[in-house]
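In: turn this into a model:
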Amino acid sequence: MDMEKFGELMKAKEPGPWPEFEGIRYPPAPPFREKGVEKALQDILHFQSRESDLLICTYPKSGTHWIFEIINMLLRNKTELDTQCKVSTMIEFISDFTVLDKLESPRLLNSHCLFNYLPKKHIENGCKIIHMIRNPKDVCVSLYYQFKKHPFVDFKGSWDDFFEIWMSDKGFYGSWYNYEKEMEKAEKLYPGMILTCYYEKMKKDSTTEIKRLADFLGIQCTESTLKDIAYATSFQNMQQHNMHKLDSSKELDGKGFIYRKGEIGDWKNHFTVAQNERFEEQYTERFKDSTYKLTFE
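Out: Here you go, the predicted model:
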């Protein structure tokens, strides 16, 4: 689906009830609205993966567009932004998977769905998964701004209202904690299949992290190419030169909400002292057994 058609589809839909299944809310994407969440998830589970498929797995607002562009450049061995958009290969946004049949291998797919709902064949084949994790405080703030502007959501609340949505696990795709703990469990069950990248490390030392990605994918890359990819996929460069292609939401009001700031630590501009204390208490309790080492700056 090209961005013009996607923009038309976005404009045509009116805000409605958030699709829900087994206590988890999902965005009102066409498959969830047309088929119902359970049927859409079953279709994803039975998606016929190729052995060469690559799958990016992230909780929303954790750098999906960014890492998609980085991997796309590595696969093409080119350092300019491509015409392909992340949304066009986001499996829960595709009603008819035959549109993916024409794509050459390796296909670069992506999803925000819980690990348990990813294509079974992808897991059985041991296909590679790239997982990006981000400081959940910044994820929370970024989601708040997406909720404010998303035409399907019709959210008119304040930051305080959204903070309560986050704390009660009522955002899209459910609990951040459950999502990340499932991914961590999967890493242990399927050693070598999943590479976890940290958003903050990618921001601070992009060249080193892109090299780690290339090694995981088995791609030879010169130091010069790595640096060029790091520059080409910097937030500032993508926002300035490629927002229209990457940010499908720009079709709605000319501004978009996918690429907002891309900063580390924006949560400090939103969390009150009391909210931060509540967040820290919840995080400590629910993520205490995790081996993921997150940076709160």
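In: how many neighbours does Gln236 have?
Out: Gln236 sits with 9 neighbouring residues when counted by other CB atoms under 10 Å. Glycine gets a C-beta too; all of them are placed from N, C-alpha and C.
In: can you pull the contacts of it?
Out: Gln236 makes contact with no residue under the criterion CB atoms under 8 Å, 6 or more residues apart in numbering.
In: report all helices and strands that the helix or strand hosting Val141 contacts.
Out: Following DSSP states H and E, one finds Val141 within helix 136-149. Contacts of helix 136-149 with other secondary structure elements, assessed using 3 or more CB pairs under 8 Å, 6 or more residues apart in numbering; DSSP states H and E, are made with helix 159-167, helix 176-189, helix 273-286.
In: repeat that with 6 Å
Out: helix 159-167 (3 or more CB pairs under 6 Å, 6 or more residues apart in numbering; DSSP states H and E).
In: what is the helix it packs on packed up against?
Out: Contact analysis of helix 159-167 by 3+ CB pairs under 6 Å, 6+ apart lists helix 136-149 as its packing neighbours.
In: list the contacts of the helix it packs on.
Out: Applying CB atoms under 6 Å, 6 or more residues apart in numbering, the contact partners of helix 136-149 are 61-62, 153, 155, 159, 162, 166, 171, 176, 257, 260, 266-267, 270.
In: from the residues you listed, which shows the smallest pLDDT?
Out: Least confident entry in the contacts of helix 136-149, by pLDDT: Phe257, with 46.
In: now Leu114: closest residue in space, sequence neighbours ignored.
Out: Leaving aside its sequence neighbours, Leu114 sits nearest to Glu182 (CB to CB, 6 or more residues apart in numbering; 5.5 Å).
In: show me where the stretch 51-200 of the chain has its helices.
Out: Secondary structure of the stretch 51-200 of the chain (DSSP state H, counting those that start in this stretch): helices located at 64-76, 120-124, 136-149, 159-167, 176-189, 199-204.
In: what's the angle from the fourth one to helix 273-286?
Out: For helix 159-167 against helix 273-286, the angle between stretch directions is 10 degrees (axes from the mean of the first three to the mean of the last three CA atoms, to 10 degrees).
In: please begin residue numbering at 21 from this point
Out: Sure thing, new numbering starts at 21, so read that last one as helix 179-187.
In: quick one: helix 179-187 to helix 196-209, angle?
Out: Direction vectors for helix 179-187 and helix 196-209, defined by the same axes, to 10 degrees, enclose an angle of 40 degrees.
In: centre of the chain to the helix holding Val161, how far?
Out: Chain-centre distance of helix 156-169: 13 Å, with CA atoms, centre = their mean, to the nearest Å.
In: avg pLDDT for that helix?
Out: When pLDDT is averaged over helix 156-169, the result is 93.
In: buried set for it?
Out: Taking 16 or more other CB atoms under 10 Å as the basis for neighbour counts, the residues of helix 156-169 that come out buried are 156-167, 169.
In: turn the helices of the stretch 71-220 of the chain into JSON lines, columns for distance to Lys313.
Out: Listed next are these as JSON lines, based on distance: least, CB to CB, whole Å:
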{"stretch": "helix 84-96", "distance to Lys313": "18"}
{"stretch": "helix 140-144", "distance to Lys313": "25"}
{"stretch": "helix 156-169", "distance to Lys313": "13"}
{"stretch": "helix 179-187", "distance to Lys313": "22"}
{"stretch": "helix 196-209", "distance to Lys313": "12"}
{"stretch": "helix 219-224", "distance to Lys313": "10"}
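In: closest to Pro48 out of these?
Out: Set against Pro48 and scored by CB to CB, the helices of the stretch 71-220 of the chain come closest in helix 156-169, at 12.4 Å.
In: rewinding a little: convert the C-alpha atoms of the helix holding Val161 to CSV, please.
Out: Output for helix 156-169, consisting of C-alpha atoms alone and laid out as CSV, is shown next (Å, rounded to 0.1, in the frame of the first residue of the first chain):
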residue,chain,number,x,y,z
PRO,A,156,9.4,3.2,28.9
LYS,A,157,9.0,6.7,30.3
ASP,A,158,9.9,8.2,26.9
VAL,A,159,7.6,5.5,25.2
CYS,A,160,4.8,6.7,27.4
VAL,A,161,5.3,10.4,26.5
SER,A,162,5.6,9.6,22.8
LEU,A,163,2.4,7.5,22.9
TYR,A,164,0.6,10.4,24.6
TYR,A,165,1.3,12.6,21.6
GLN,A,166,0.3,9.9,19.1
PHE,A,167,-3.0,9.4,21.0
LYS,A,168,-3.7,13.2,20.9
LYS,A,169,-3.4,13.4,17.1
